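A.B. asks: Quick check, what structure comes out for this input:
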Amino acid sequence: MKRRVVVTGLGAMTPLGNSLEESWAGAVAGKSGIGPITRFDATGFSSRVVGELKNFDPTQYVEKKEIRRYDNFAIYALATGQMLMQDTALTITPEIAERVGVLIGTGMGGIKTLEDEVEVLHQTGPRKVSPFAVPAIVPNLGSGHVSIRFGAKGPIDCSVTACASGTTAIGNAYRTILYGDADAMITGGVEAPVTPLGVAGFCAMRALSTRNDEPERASRPFDRARNGFVLAEGCGLLMLEELSFALARGAKIYAELIGYGCTSDAFHMAQPPAGHEGAGRSMQAAIRDAGLEVTDIDYINAHGTSTPLNDLYEAQAIRNLFGAHADRLIVSSTKSMTGHMLGATGVVEAIFSIKALQEGIIPPTINLDDPDDGCDLDFVPNTARHHTINTAMSNSFGFGGVNAVVIFKKFQP
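C.D. replies: Numbers count the residues shown, from 1 in each chain. Predicted structure coming up:
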């Protein structure tokens, strides 16, 4: 018998809002969080639309004199961590500290600090590089700062699997509890990639939407007029606990995490293979891990990036795996509203899936006006739908061919 793992806390900051409540309300309302770049002068960039956090005050979470020691991604992790710990109401005492771990994923880590310090190096020389540069850049400092802030002394790790980083973090944290190495794990993903290099790099790949005159309509998964994803920033965190540990402290339980699957395409560093059989295998692995059949899945929060090949091949993978049941599945892409938060996006989508289980509301795929050929599933176009579901799957696929899938179900004692 596997240990049972439940979700007892949620925290999120997205382009839809600087809290879980604001982000979920925006998703249910079909609101777009996408707008023009404000962080730097984007003149000359082919894509000038992003999903930025708005009106975020870092001094609420880090002392003003200390901010220069942190990259934005670490500050976002600390801010969301504070929201998570308030929500879960778990006090990490000395008695349990060694049984509580942290595993937060990120795709790009401290890219802003890297850019800034390279400029310092070239303009003023090596002696002017900050002593805080390396600790601010390395990806595991999201986990590190959260561990230090809240006193979690159990297993600590960082998942770096590009756009799947947050979902592989959830999966590996889940397995840490299954194997008995921890009783609780703070897990999720964070990203702060809206920088000149971050945007320019994806522009050079021709991966980003160039719908600069209509930012709110730029992210349009599965739509015939899609022309690239929208880069975004944000953070999502979950508290996972072993069931008896959660029950003993009287924790509120949002859902149960019952399955995880991870595979590789072994095909291309950035492009999925036709039909995306690797995605199909990861979904199948998660279903098998959960002890379910394909007909047991009610809802899929799709990876759905708004890029031509990814959306088509994900739809094909779903139809190939689920067969006739694909016509009964409900599928949506909340990236249509948040943009693509890279390492954070899979966690936010997992959180939205959990909220859908709880509230019986399926967030929509906005800007889906004309579904493309082959994108023929029920994508909940443009308007949220009230529908009771019992199981929800969340898909994430990343550069390097990584595919990661998690499955949640309504909690039953």
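
A.B. asks: Tell me where the chain has strands.
C.D. replies: Assigned by DSSP state E, the strands in the chain fall at 5-13, 35-36, 49-50, 100-105, 156-157, 184-191, 234-242, 255-264, 299-301, 330-332, 361-362, 385-386, 391-398, 402-409.

A.B. asks: could those strands go into CSV alongside mean neighbour count and mean pLDDT?
C.D. replies: C-betas here are computed from N, CA, C, even on glycine. Converted to CSV, those look like this (neighbours: other Cβ atoms under 10 Å; pLDDT from 0 to 100):
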stretch, mean neighbour count, mean pLDDT
strand 5-13, 25, 98
strand 35-36, 15, 98
strand 49-50, 28, 98
strand 100-105, 31, 98
strand 156-157, 18, 98
strand 184-191, 34, 98
strand 234-242, 30, 98
strand 255-264, 22, 98
strand 299-301, 27, 98
strand 330-332, 25, 98
strand 361-362, 23, 98
strand 385-386, 12, 98
strand 391-398, 27, 98
strand 402-409, 28, 98
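
A.B. asks: Turn these into a markdown table, including distance to residue 71.
C.D. replies: As requested, those are exported to a markdown table (distance: least, Cβ to Cβ, whole Å):
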| stretch | distance to residue 71 |
| --- | --- |
| strand 5-13 | 15 |
| strand 35-36 | 23 |
| strand 49-50 | 17 |
| strand 100-105 | 13 |
| strand 156-157 | 18 |
| strand 184-191 | 10 |
| strand 234-242 | 13 |
| strand 255-264 | 27 |
| strand 299-301 | 28 |
| strand 330-332 | 32 |
| strand 361-362 | 35 |
| strand 385-386 | 39 |
| strand 391-398 | 21 |
| strand 402-409 | 23 |
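
A.B. asks: Could you work out which of those strands reaches nearest to residue 204?
C.D. replies: Within the strands of the chain, the stretch nearest residue 204 is strand 49-50; the backing value is 15.9 Å (Cβ to Cβ).

A.B. asks: roughly how far is the closest one from the heart of the chain?
C.D. replies: Shown here is strand 49-50, whose average C-alpha point lies 18 Å from the average C-alpha point of the whole chain (Cα atoms, centre = their mean, to the nearest Å).

A.B. asks: That one: partners in the sheet, and parallel or antiparallel?
C.D. replies: Applying DSSP bridges to the sheet, strand 49-50 is found paired with strand 35-36 (antiparallel).

A.B. asks: Now do the longest helix along the chain: which elements does it pack against?
C.D. replies: Among the elements of the chain assigned as helix by DSSP state H, the one spanning the most residues is helix 72-88. Counting by 3 or more Cβ pairs under 8 Å, 6 or more residues apart in numbering; DSSP states H and E, the packing neighbours recorded for helix 72-88 are strand 5-13, helix 141-150, strand 184-191, strand 234-242.

A.B. asks: and residue 365, what are its bridge partners?
C.D. replies: Assessed by DSSP bridges, residue 365 has beta-bridge partners residue 381.

A.B. asks: That one and residue 383 touch, don't they?
C.D. replies: No - with the criterion set as Cβ atoms under 8 Å, residue 365 and residue 383 do not qualify as a contacting pair; they are 9.9 Å apart.

A.B. asks: dump the residue contacts of residue 234.
C.D. replies: 12-15, 51, 53, 76, 190-191, 338, 341, 344-345, 348 (Cβ atoms under 8 Å, 6 or more residues apart in numbering).

A.B. asks: where's it relative to residue 369, distance?
C.D. replies: Counting by Cβ to Cβ, to the nearest Å, the gap between residue 234 and residue 369 amounts to 26 Å.

A.B. asks: buried set for stretch 42-60?
C.D. replies: Neighbour-count burial for stretch 42-60, counted by 16 or more other Cβ atoms under 10 Å, picks out 42, 45, 46, 47, 48, 49, 50, 51, 52, 53, 58.

A.B. asks: which residues of the chain fall in helices?
C.D. replies: Going by DSSP H, the chain shows helices at 20-28, 72-88, 111-124, 133-137, 141-150, 165-178, 196-204, 243-248, 277-290, 308-322, 335-338, 345-359.

A.B. asks: If anything else comes up later, I'll come back, but that's it for now.
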